[in-house]
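Asker: Please find the sequence and the predicted model below.
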Number of protein chains: 2
Amino acid sequence: MNRRRLLITGAGGFTGRHAVRSFAAEGAQVTAVLRHPGNDGGSRGAAPIFPEGVQVHYCDLSDRKAVNEMIQMVVPDEVLHLAGKNSVPESWRDPLLYIESNVMATLYLLEALRSLPQSRVLVAGSRLKFKAGGLAGPPHPYSLSKTLEELASLAWGTLFRQPVLMAEPCNLIGPGPSTGFCSLLTRYIVTLEAGGKPPLFKLSSRYDLRDFLDVRDAVKAYSVILNKGETGTVYKIDSGRQRSLGEVAEHLVSRSAVAVPLDWGPEASEAQDQNALNQTQREDSGAVVPDVQATPEVNVATLGWKPEIGLETSLTDILVHYRTNGEGGLV
Amino acid sequence: MNRRRLLITGAGGFTGRHAVRSFAAEGAQVTAVLRHPGNDGGSRGAAPIFPEGVQVHYCDLSDRKAVNEMIQMVVPDEVLHLAGKNSVPESWRDPLLYIESNVMATLYLLEALRSLPQSRVLVAGSRLKFKAGGLAGPPHPYSLSKTLEELASLAWGTLFRQPVLMAEPCNLIGPGPSTGFCSLLTRYIVTLEAGGKPPLFKLSSRYDLRDFLDVRDAVKAYSVILNKGETGTVYKIDSGRQRSLGEVAEHLVSRSAVAVPLDWGPEASEAQDQNALNQTQREDSGAVVPDVQATPEVNVATLGWKPEIGLETSLTDILVHYRTNGEGGLV
């Protein structure tokens, strides 16, 4: 039996590391794409260690020629495109970097794949794209970049009849290097447990609701989408359950071996006022911005996927990860 | 009185040449941006000759650093951004070039202008962007590039509170180097008048309707929008009257000194069948593509502008232009 050749971009990132391991275990012939030797191209610690048999390919995806050469060399049957920039504050500092990394790099990849018209591509989008209808403006350049990426990717698929699929995962959590909320709070706890004196951890608002999903479940969803998904479709991936930041913080704090001082953020009514204020400011900005109408979106559950790892397991595994590797040791 | 400093990109193009002359005559201190010395950066003939006092600046707008240096040097009060690629067939051959030229170059310009928050920018968009609601896909990569350009430009203006305005002109015609329908047919006629034997000119369909507007009227509309337009608004610029290609061809042929053989294209019913077929194929493509909801659009007539040059004058001036300069002499 021929093993399918799968190219995974962003293989050094939080999701990428899990994806490489999971698809290799499934039997795929995985090529893991990293920006350059020695690290993951970001600031998330040491170079990943991949299972035996995984090919590593170094490529700066913002180099059109290099992307083309990579595709000609690897000739993938499938591509899981996880690479991209995802820090909202950084997107304010260098918005063009976000357009280049999240829009142009994706188009370089799709353009290179035109020579392989059977090759299926799954592009990881974001829930933080513009909301459909009525939003007076994008909240930040990151959101703009992911909105343009989705629009351009699906249009490219239509124009050139390429099998392009999109995924929109919710907040992914789990063991491994991440800059998400659960990871940051766990590192704070582990630092305290080790006798460190980190600055007081502040929750933006304990009442903020998020849908957290274990990254290993998300990777299984990517596999299902690549196998069975319909071209041109946007697949939402979520646990289906909203949790408040306060609830998750309490879960983590209750597992700590030491006292965990926290600044819990504003009370509910203040938080709501602040949200309302932000909303008003946004609506009053006076500028007219094109709305992106909702693409018909499908939940990946329609393909038979369902999450299997509960929140408590994810949080335990994050704690174990940082207790094992140290708060800085982001292996 | 201080003269306003106006930067015009794409100054070597059809509209750009008229814009430079017109704004200079209005008293603006114009910097005309060309890609490189010796030509207009395209394939439309000799380098333009600008009125005295116009500064010429050479800049490849797809070079982010060069764009930034230009803005720091010129410090414009206003920018009329006409540069871009606009050939549908070329966009099929090199779609990434269209994204780079029509989206990234525009964002490089807007990013450079963040250092001049008072500087008003008018970006020339296209009627060929995606139609609102229900279109199953963009018709060609050019359309995709102009859709993304408009979305990104207006979003940039909102995110960074920059005074960004958009214009959507209809089909611009008039004297000067152009690759539009009226210009191509006139060059054919002038070639015949000079005794040449060009291949038979074929109309795609004589029943196709277009809104033609004289480029000099459009340039006046740009001036009105820069002066009085509201930030974040898309201004439509048109004559308000649809003409069939057959009607326009008859106008031009009737002015010819010689017989003008034409292939008039399919009869009405065939043409309609073909249009219906194209439409069906598009709808059957099966892919879901995000729709771009209509941005609230305003006709520039609301700012007091109206067209002053009738179709017959435009056509006469095009004939005079090519009879004076020769069919190849695109001065």
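Answerer: Cool, the structure landed.

Asker: distance of residue A:207 from residue A:264?
Answerer: For residue A:207, the distance to residue A:264 under the criterion CB to CB, to the nearest Å works out to 10 Å. C-beta coordinates here come from the backbone N, C-alpha and C atoms, glycine included.

Asker: Next, show the common contact partners of the two.
Answerer: By the contact definition CB atoms under 8 Å, 6 or more residues apart in numbering or on different chains, residue A:207 and residue A:264 are jointly contacted by residue A:246.

Asker: Between the two, tell me which one has more neighbours.
Answerer: The residue with more neighbours, out of residue A:207 and residue A:264 and counting by other CB atoms under 10 Å in any protein chain shown, is residue A:207; that gives 20 against 14.

Asker: Secondary structure of that one: a helix, I assume?
Answerer: No: assessed by DSSP: H, G, I helix; E, B strand; the rest coil, residue A:207 does not belong to a helix; its assignment is coil.

Asker: my guess is it contacts residue A:244, does it?
Answerer: Yes: using CB atoms under 8 Å, residue A:207 is in contact with residue A:244, at 5.5 Å.

Asker: Quick one: name the residues of the stretch 51-200 of chain A near chain B.
Answerer: Residues of the stretch 51-200 of chain A lying near chain B by CB under 8 Å from any CB of the partner chain: A:64, A:95-96, A:99-100, A:103-104, A:107-108, A:111, A:133, A:136-138, A:140-141, A:144, A:147-148, A:150-152, A:154-161.

Asker: count of residues packed around residue A:317?
Answerer: Counted with other CB under 10 Å, the neighbours of residue A:317 add up to 18.

Asker: residues touching the closest residue to it other than its chain neighbours, list them.
Answerer: Closest residue in space to residue A:317, ignoring its immediate chain neighbours: residue A:175 at 4.5 Å, by CB to CB, 6 or more residues apart in numbering or on different chains. The neighbourhood of residue A:175, defined by CB under 8 Å, 6+ apart, consists of A:317, A:318, A:320, A:321.

Asker: switch to 10 Å and redo it
Answerer: Taking CB atoms under 10 Å, 6 or more residues apart in numbering or on different chains as the contact definition, residue A:175 lies against A:14, A:17-18, A:183, A:186, A:214-216, A:314, A:316-322, A:324-325, A:331.

Asker: Could I get the phi/psi values of it?
Answerer: Its backbone dihedrals place residue A:175 at phi -70, psi 140, with angles given as degrees, to the nearest 10.

Asker: Could you do the one 10 residues further on as well?
Answerer: When read as degrees, to the nearest 10, the backbone of residue A:185 gives phi -70, psi -40.

Asker: Relative to residue A:13, how far out is it?
Answerer: 20 Å.

Asker: Helices along the stretch 101-250 of chain A, start to end?
Answerer: Applying DSSP state H, counting those that start in this stretch to the stretch 101-250 of chain A gives helices spanning A:105-113, A:141-159, A:181-193, A:215-228, A:245-254.

Asker: Which among those helices is found nearest to residue A:122?
Answerer: Shortest distance between residue A:122 and the helices of the stretch 101-250 of chain A, using CB to CB, is found for helix A:215-228: 5.3 Å.

Asker: which intervals of chain A have sub-threshold pLDDT?
Answerer: Along chain A, segments meeting pLDDT under 70 span A:1-2, A:38-46, A:129-137, A:268-296, A:327-331.

Asker: where along it do the strands fall?
Answerer: In chain A, the segments counted as strands under DSSP state E are A:5-9, A:29-34, A:55-58, A:78-81, A:120-124, A:164-169, A:171-173, A:201-202, A:209-210, A:212-214, A:234-237, A:243-244, A:262-263, A:297-299.

Asker: can you tell me which residues contact residue A:53?
Answerer: With contact taken as CB under 10 Å, 6+ apart, residue A:53 is in contact with A:3, A:24, A:28, A:29, A:30.

Asker: can you pull the contacts of the third one?
Answerer: With CB under 10 Å, 6+ apart as the criterion, the residues that contact residue A:28 are A:3-6, A:8, A:20, A:22, A:53-54, A:76-78, A:80, A:223, A:226.

Asker: Let me know the distance separating it from residue B:315.
Answerer: Summarising the geometry, the distance separating residue A:28 from residue B:315, computed by CB to CB, is 63 Å.

Asker: ditto for the second one
Answerer: Between residue A:24 and residue B:315 the computed distance is 67 Å (CB to CB).

Asker: More neighbours: which of those two?
Answerer: residue B:315 (22 against 19).

Asker: OK, contacts around that one?
Answerer: Under the criterion of CB under 10 Å, 6+ apart, the neighbours of residue B:315 are B:173, B:174, B:182, B:185, B:186, B:212, B:214, B:248, B:251, B:252, B:254, B:255.

Asker: hang on, the earlier thing: drop anything exposed from the contacts of residue A:28.
Answerer: Among the contacts of residue A:28, those scoring as buried are A:4-6, A:8, A:20, A:22, A:54, A:76-78, A:80, A:223, A:226 (criterion: 16 or more other CB atoms under 10 Å in any protein chain shown).

Asker: Output stretch A:115-126 in CSV, but only the C-alpha positions, please.
Answerer: These are the backbone C-alpha positions of stretch A:115-126, laid out as CSV (Å, rounded to 0.1, in the frame of the first residue of the first chain):
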residue,chain,number,x,y,z
SER,A,115,1.0,22.0,-10.6
LEU,A,116,-0.5,19.2,-8.4
PRO,A,117,-4.3,19.6,-9.1
GLN,A,118,-5.2,16.5,-7.0
SER,A,119,-3.3,17.6,-3.9
ARG,A,120,-5.8,18.5,-1.1
VAL,A,121,-4.9,21.5,1.1
LEU,A,122,-6.4,22.2,4.5
VAL,A,123,-5.8,25.8,5.6
ALA,A,124,-6.1,26.6,9.3
GLY,A,125,-8.1,29.8,9.6
SER,A,126,-9.3,31.6,12.7
